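S.K.: model the following, please.
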Amino acid sequence: MPPSTEPTRIAVEAERPYQVFLGYDLLAEVPGLLRPGVQRVALLHPPTMIKTAERLVHLLSTAGLEPMRIDVPDAEAAKSVAVAERCWSILGNAGFTRSDAVVGLGGGATTDLAGFVAATWLRGVQLVMVPTTLLGMVDAAVGGKTGINTAEGKNLVGCFYEPVGVICDLAALGTLPTADLVAGLAEVIKCGFIADPEILTMIESDPAAAVRSDSIMLRELVERAVSVKARVVTADFREATSTGSAVGRELLNYGHTLGHAIERREHFAWRHGEAVSVGMIFAAELARLAGRLDQQTATRHREVLSRVGLPTSYPADAFDDLLHTMALDKKTRGSVLRFVILNGLASAEILAAPEKDLLRAAYAAVAA
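M.R.: Below you'll find the predicted structure:
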């Protein structure tokens, strides 16, 4: 592991500005992020994070706070109405007030749930995010989106709610299974295509370093990806500026329309980044066939994603199922299906109401 250094601080100038702290061994920073007057702190975490949770409980107690752990299921199983309701019940029985706080410790699903619970309890209590996966650091915990899943789809119930701070402790990546680290890289690579092509150049130069949790490259990749998200969120926190073919915060959903449909079809057995990887290749081919994107950039998607070990295909007979699910996607407006597509590196637009034949032809690029 690299020696501890001063954390990088990345500002997110949303409606209520906050900072993302990125570095090593940063758990001790959590108590200082909470505003004066906080007494109780609910720490939501999955079973896999119990040792880290106990350490954080000690740090909060030492700071004079009253922490309590709330165990939640691992991964997407945490993001349900039933789990959120159990958390609300615990907060109510503990006498949580609007001056108290919630801390989300874990992967993206845990921070999504923690954010939703914090946003909805008494119409909003303080929230600190402590993502422990690469996906959580570069995606779920940073942008102020919270949500849970329903039987009809992923993240269909949620709200926009800023944390008071985000702690990205890169030391946590050292315990992450390689498959989870690789899956998280899909969101990093997405940031390369939509806003920061230097990310792609770095990964292409040494893909092995990109998947090493202790590499200097990975830290820079995370910093660049978080910076991309911070800029996009600052410009359009509530996803309100996408009109016509213009792209606001929806830019961050590149590859997600098909990706979310794959996740649902697989009952979330596929990792989010794995599904988004296939979704980006589909979106690139859709843009190429629509006459928006050049062949070289479309091909580059498959090359970069495959070099770090991400999937690039999905069963050929799944198209009709996926199309039905995509119709329920959050980016759909009325009955119009919308896709974020590229017309060049770091240049995007919205493609609305593409013909079914065009979608089917684009799907051929990922059909196994």
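
S.K.: could you list the low-pLDDT ranges of the stretch 151-300 of the chain?
M.R.: 241-245 (pLDDT under 70).

S.K.: now do 80
M.R.: Low-confidence segments of the stretch 151-300 of the chain (pLDDT under 80): 152-154, 239-246.

S.K.: all strands for it, in order.
M.R.: For the stretch 151-300 of the chain, the strands defined by DSSP state E, counting those that start in this stretch cover 153-160, 165-169.

S.K.: run through the neighbouring helices and strands of the first one.
M.R.: Using 3 or more CB pairs under 8 Å, 6 or more residues apart in numbering; DSSP states H and E as the contact criterion, the secondary-structure elements in contact with strand 153-160 are helix 108-120, strand 145-150, helix 256-265. For glycine as for every other residue, the C-beta is placed from the backbone atoms N, C-alpha and C.

S.K.: tabulate the ones you listed (JSON lines), appending distance to Leu218 and mean neighbour count.
M.R.: What follows is these, written out as JSON lines (distance: least, CB to CB, whole Å; neighbours: other CB atoms under 10 Å):
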{"stretch": "helix 108-120", "distance to Leu218": "17", "mean neighbour count": "27"}
{"stretch": "strand 145-150", "distance to Leu218": "24", "mean neighbour count": "22"}
{"stretch": "helix 256-265", "distance to Leu218": "22", "mean neighbour count": "25"}
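
S.K.: make JSON lines from the ones you listed and add distance to Leu200 to it.
M.R.: Listed next are the helices and strands packed on strand 153-160 as JSON lines, based on distance: least, CB to CB, whole Å:
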{"stretch": "helix 108-120", "distance to Leu200": "23"}
{"stretch": "strand 145-150", "distance to Leu200": "25"}
{"stretch": "helix 256-265", "distance to Leu200": "19"}
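
S.K.: closest one to Gly92 among the ones you listed?
M.R.: Judged by CB to CB, the one of those that comes nearest to Gly92 is helix 108-120, at 11.6 Å.

S.K.: parallel or antiparallel, list what pairs with the helix or strand following the closest one.
M.R.: Per DSSP states H and E, the first helix or strand lying C-terminal to helix 108-120 is strand 126-131. Strands that pair with strand 126-131, judged by DSSP bridges, come out as strand 101-106 (parallel), strand 165-169 (parallel).

S.K.: need those in CSV (columns: mean neighbour count).
M.R.: Below are the strands paired with strand 126-131 laid out as CSV (neighbours: other CB atoms under 10 Å):
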stretch, mean neighbour count
strand 101-106, 30
strand 165-169, 26
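
S.K.: re earlier: so which of the helices and strands packed on strand 153-160 gets nearest Ala171?
M.R.: Nearest to Ala171 among the helices and strands packed on strand 153-160 is helix 108-120; the distance by CB to CB comes to 17.4 Å.

S.K.: for the closest residue to Ser277 other than its chain neighbours, give me its contacts.
M.R.: Distances taken as CB to CB, 6 or more residues apart in numbering place Leu310 nearest to Ser277, at 3.9 Å, with adjacent residues excluded. Leu310 is in contact with Val182, Ala183, Leu185, Ala186, Ile189, Gly273, Glu274, Ser277, counting by CB atoms under 8 Å, 6 or more residues apart in numbering.

S.K.: assumed Leu310 was part of a helix.
M.R.: No. Looking at Leu310 with DSSP: H, G, I helix; E, B strand; the rest coil, it is coil, so not inside a helix.

S.K.: okay, it: pLDDT?
M.R.: Note for Leu310: predicted pLDDT of 98.

S.K.: how close does it sit to His301?
M.R.: Distance of Leu310 to His301, computed by CB to CB, to the nearest Å: 10 Å.

S.K.: with Glu152 instead?
M.R.: 29 Å.

S.K.: do the same with Ser99
M.R.: Distance of Ser99 to His301, computed by CB to CB: 47 Å.
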